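K.L.:
The amino acid sequence is not available; the structure is as follows:
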């Protein structure tokens, strides 16, 4: 489990418009909020 204040590992995801964006691109330039919904779309 991640600890508050710890750094996130590098990852790449698609933005809302389908463009690939990596965490490395954002590092140091601005604040980033990562939100996850572990039960979304699982039926549970």
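P.N.:
In hand now; what should we look at? Predicted model only: the values in this text are computed from it and were never measured.
K.L.:
For the residue nearest to residue 14 when sequence neighbours are not counted, give me phi and psi.
P.N.:
What sits nearest to residue 14 in space, not counting adjacent residues and going by Cβ to Cβ, 6 or more residues apart in numbering, is residue 20, at 5.9 Å. No exception for glycine: its C-beta is placed from N, CA and C like everyone else's. When read as degrees, to the nearest 10, the backbone of residue 20 gives phi -70, psi 130.
K.L.:
What number of residues are in the vicinity of residue 20?
P.N.:
9 (other Cβ atoms under 10 Å).
K.L.:
Residue 26 now?
P.N.:
Neighbouring residues of residue 26 were enumerated by other Cβ under 10 Å; the total is 11.
K.L.:
Assess the claim that it and residue 32 are in contact.
P.N.:
Yes. Residue 26 lies in contact with residue 32 (Cβ atoms under 8 Å); the separation is 5.1 Å.
K.L.:
check contacts around the residue nearest to residue 14.
P.N.:
By Cβ atoms under 8 Å, 6 or more residues apart in numbering, the contact set of residue 20 is 12, 13, 14.
K.L.:
So which residues make contact with stretch 25-41?
P.N.:
Contact partners of stretch 25-41, identified using Cβ under 8 Å, 6+ apart, comprise 8, 23.
K.L.:
Check stretch 3-12 too.
P.N.:
2, 20, 21, 22, 23, 24, 34.
K.L.:
ok, 10 Å please
P.N.:
Applying Cβ atoms under 10 Å, 6 or more residues apart in numbering, the contact partners of stretch 3-12 are 2, 20, 21, 22, 23, 24, 25, 27, 32, 34.
K.L.:
what's the burial count for residue 23?
P.N.:
With other Cβ under 10 Å as criterion, residue 23 counts 15.
K.L.:
Quick check: the gap between residue 7 and residue 33.
P.N.:
Per Cβ to Cβ, to the nearest Å, residue 7 is found 14 Å from residue 33.
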